[in-house]
Every structure is written in C-alpha cells, then in structure tokens.
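S.K.: please find the sequence and the predicted model below.
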Amino acid sequence: MDNYPPSVNELVDAHSNSGIPRPLLVEEARIAIDEGKWERLDERVDALRKLALQEVINATGVLLHTNLGRASWPTTFSGNPVNLELDLNSGSRGSRQGYLGHLFANLCKTEAAMVVNNCSSAVLLILSALAHEKGVAISRGEMVEIGGGFRVPDVLELSGAYLVEVGTTNKTRREDYERSINAHRDVSMIMKIHQSNYKIVGFTESAEIRELADLNVPLVADIGSGLLDENCFWLESGPPNWLIGEPGARQTLAEGADIVTFSSDKLLGGPQAGIIAGKADLIEKCLDHPFARAVRPGSLVLSSLQELCHKYLNRQWTEIPFWKMALTTKDELQDRAEHFDIGEPVALNSVPGGGTLPGVEIPSYGIQIDHDISRELRDGTEDNLPIIARVEDRKTLLDLRTIHPSLDDQVMTSLKQIL
C-alpha cells in the first residue's frame with residue numbers, strides 16, 4: 001500500500017498555501033504521479049513559483065540589470081479608469097500621445113515626440129514610416145547586434161527599407177555618406193547608431209552628427225541609452241564623471257539630428273518604452289503609420305512615464321531611483337557596510353549595465369561572504385525577498401549601491417539565516 005500515491009486532491013491541498021493557482025497545482029500533481037515522483041512535488045511547485053514575476057533585491061552592483069527589468073521605477077495605479085484617449089476639454093476622442101509627447105518634446109527641447117513600447121520598436125517604426133522601399137545609409141561600424149538577437153540589418157529588411165553600407169568597420173567619414181547618397185538616388189535617410197554597448201578602439205574615425213546635418217535627407221540618431229541632457233539639468237552638481245562622453249538627446253538634436261530615439265528604462269530611469277523625438281512633420285508620419293498602433297504602450301506605461309517626466313521637469317532627481325542609487329557616495333555605502341554584523345565590508349565596483357556605458361565602473365562598497373551562497377540567497381523565504389548577488393572566485397559579493405537602504409535589515413536577516 002505504501003507504493004500507492006496519494007490522490008491529486010490530497011497533493012494539491014498540501015500545497016494550497018504555495019501561491020500557485022489550483023489548476024496549475026492539479027497539473028503539476030498529475031505529472032508528478034504519472035512520473036512516480038509525487039514525493040518530490042515540493043520541488044516542482046517551488047520551481048514553478050520561482051518562474052512567476054516577483055520582487056527581488058538586486059545586490060549585483062549592476063544598476064540597470066536587464067534580467068531584473070533594468071531601471072527600478074515604481075508603478076502606482078488605483079485601478080480607476082483613466083482618460084487614455086479621451087479629451088476632457090471637448091469630451092471627444094483624444095490621443096494617448098498628446099500630453100506625454102508634449103512632455104518629452106519639452107525635455108528634449110524639440111518640436112514633437114511620441115512613445116512606443118521599446119527602442120527596437122521605435123527604430124522599426126521610423127524605418128517603416130520614413131524609408132519603406134528606400135535606402136538607409138548606415139556606417140559599417142554601426143551595424144550592430146544588441147541583446148536578444150536584435151540586428152540592425154534584419155530590422156531594415158523587416159521595415160521594407162534596404163541597407164546602404166557606408167565607410168569601413170573602423171573609419172567612416174562625411175564624404176562616405178555623401179558618396180553613397182549620390183550613388184543611390186533613392187537613399188532617404190541617414191541613421192547613426194550610438195555605440196552604447198560596445199566599443200571600437202584604435203585606428204578609428206566616425207562622422208559627427210553636425211557633419212551630416214546638411215546632406216538633405218532625414219538624419220536619425222539612435223542614442224540608445226536615454227540620457228536627456230549631457231549637462232544633467234536636473235542635478236545641482238552637474239553630470240557625474242562616469243557620464244562624460246555619453247550623448248544627450250538635447251545636444252544630438254541641437255547638432256542637427258532630425259530625430260533621436262532612445263530607451264526609457266536605461267539612463268532615463270523609467271519603465272520599458274521607446275522614445276522618438278524630433279521634427280514635427282516626421283513624428284506625424286510615424287504617428288500616422290499602421291505600425292504605430294501595433295507598438296503603442298498602454299495606460300500603465302504611459303501614466304508611469306508621465307510621472308517620471310514630471311520628476312525631471314521639477315528637478316526632483318532624488319525621487320528617481322536610478323539617479324538616487326547612482327549618485328550615492330562611496331563613503332555612504334561604506335558606512336552602511338560597516339553596520340552589517342555579518343560578512344566582511346569590502347570595496348567593489350558597480351557598473352551601469354543595461355547595454356549602456358561599456359567599460360565604465362563606479363566605485364562602490366558592499367559585503368563579501370567567503371563562499372558561494374548565491375543559490376540560497378535566490379531561494380528567499382516567506383518573509384524575505386530573493387536576493388540576486390554576484391560570485392567572484394567562489395566568494396559571494398553583495399553590492400550595496402543597488403540595494404535600497406530600507407532593505408539592509410532584510411539582507412542581514414537572510415544572511416544570518418543562511419550562514
């Protein structure tokens with residue numbers, strides 16, 4: 001009799017407090033019984049629970065960790081209806097792009113702006129709306145692949161535009177673009193792609209935005225990382241040293257770009273979305289294209305971005321988690337580390353991450369554990385969030401720059417429970 005499994009209902013009832021919906025528990029219980037491994041149902045349920053979206057503590061020191069959703073930005077919503085596409089002035093149908101587009105246009109000091117669901121969508125929409133069945137001139141040194149297999153030539157093909165390769169991998173000059181435009185009469189766009197997640201160093205040269213602004217075709221600059229202004233107008237102290245050399249949307253447009261595109265979940269510090277900003281007539285063509293509906297974000301993202309824009313315009317940078325985290329001093333972090341009564345305080349280096357600022361490190365401080373407990377930290381408990389740490393030379397490192405100070409006690413508790 002001991003070899004007979006319990007009923008499905010018994011197994012499901014035993015895991016009713018797991019947080020997994022009953023139909024999924026029934027499915028897992030039946031699979032476990034069929035495989036003769038019902039005694040290990042706990043493991044199956046725990047593995048399923050860990051697949052669900054949930055809050056975690058980022059102790060990696062990667063400020064914009066792609067696997068953890070990049071920028072940390074709170075989403076607050078009451079659940080009441082919103083005037084997503086209702087004009088409260090007239091009572092008639094409005095545009096979900098209107099007010100938010102105005103906010104981003106103001107932030108970028110340009111004529112118009114719009115929002116799509118990510119920066120890849122922004123590039124696809126622009127190419128489809130402005131260069132369908134036309135040539136797009138791109139430097140051979142900028143035909144990149146980013147995370148997830150997104151390749152610029154593939155997106156060009158999908159949009160219906162075709163690629164006109166310019167220059168060489170390491171050197172591209174203004175005359176290379178000019179020659180390509182003259183040789184291909186239907187080149188309708190120049191696209192500049194910022195090296196946000198890679199570097200080509202050594203014997204190199206590239207044409208600047210200001211050198212290409214008078215070539216009589218739209219100039220689109222994908223600046224990727226999402227820095228609004230190289231001067232960081234929202235910071236009293238000005239830009240931190242590790243941002244030097246990163247192009248800002250304002251400066252790129254002022255130098256002659258007709259359109260800029262960038263992600264909102266990187267240096268902007270908001271939820272995932274793609275921003276298109278620039279000349280009003282070009283933005284209007286993008287808004288009118290059928291793809292615009294396919295890549296538009298919903299009310300949760302739009303309301304979240306609206307709040308973020310207000311923080312920037314009101315210069316409330318301390319209320320933007322990314323900037324608060326990035327500008328915490330090493331001394332503050334060291335002081336926090338020395339208040340931990342477990343582990344060893346140690347100097348570390350944080351990195352921006354998220355495909356931004358390759359090679360940049362930001363001095364930081366954290367806690368070192370002399371062996372690998374990363375798996376135990378990820379497991380979490382009912383009372384403590386999972387903690388995502390990094391491991392180097394079999395030692396576990398918890399970088400306090402990416403941990404909110406309010407979570408220090410929880411991190412200490414988790415460490416004590418494990419050790």
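M.R.: Right, received. Where do you want to start?
S.K.: where does residue 224 land on pLDDT?
M.R.: Residue 224 carries a pLDDT score of 77 in this model.
S.K.: list the buried residues in stretch 238-257.
M.R.: 239, 242-243, 246-253, 255-257 (16 or more other Cβ atoms under 10 Å). Using the backbone N, CA and C atoms, a C-beta is placed for each residue, glycine as well.
S.K.: correction: stretch 63-74
M.R.: 63-65, 68-73.
S.K.: okay, how far is it across that stretch, tip to tip?
M.R.: 15 Å (Cα to Cα, to the nearest Å).
S.K.: by contact count, what packs against the one helix or strand residue 398 maps to?
M.R.: Applying DSSP states H and E as the criterion places residue 398 in strand 395-399. Judged by 3 or more Cβ pairs under 8 Å, 6 or more residues apart in numbering; DSSP states H and E, the packing partners of strand 395-399 are strand 344-350, strand 362-369, strand 390-392.
S.K.: what's the following helix or strand after that strand?
M.R.: That would be, after strand 395-399 and using DSSP H and E, helix 408-418.
S.K.: give me the mean pLDDT for that next one.
M.R.: Helix 408-418 comes out at a mean pLDDT of 95.
S.K.: can you check stretch 117-131 too?
M.R.: 94.
S.K.: cool, and stretch 317-329?
M.R.: Mean per-residue pLDDT for stretch 317-329: 96.
S.K.: with stretch 341-360 instead?
M.R.: Mean predicted lDDT for stretch 341-360 stands at 90.
S.K.: can you give me the helices in the stretch 251-400 of the chain?
M.R.: Using DSSP state H, counting those that start in this stretch, the helices found in the stretch 251-400 of the chain span residues 280-288, 291-294, 299-313, 321-326, 330-338, 374-379.
S.K.: which element is residue 44 on?
M.R.: Going by DSSP H and E, residue 44 is part of helix 41-51.
S.K.: helices or strands up against that helix?
M.R.: helix 22-34.
S.K.: now do the helix it packs on: which elements does it pack against?
M.R.: The contact analysis (3+ Cβ pairs under 8 Å, 6+ apart) places helix 22-34 against helix 8-14, helix 41-51.
S.K.: can you list the ones you listed in a markdown table and add distance to residue 293?
M.R.: Shown next, in a markdown table, are the helices and strands packed on helix 22-34 (distance: least, Cβ to Cβ, whole Å):
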| stretch | distance to residue 293 |
| --- | --- |
| helix 8-14 | 42 |
| helix 41-51 | 31 |
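S.K.: any chance of these in JSON lines with mean pLDDT and distance to residue 119 as columns?
M.R.: As requested, the helices and strands packed on helix 22-34 are exported to JSON lines (pLDDT from 0 to 100; distance: least, Cβ to Cβ, whole Å):
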{"stretch": "helix 8-14", "mean pLDDT": "94", "distance to residue 119": "43"}
{"stretch": "helix 41-51", "mean pLDDT": "92", "distance to residue 119": "27"}
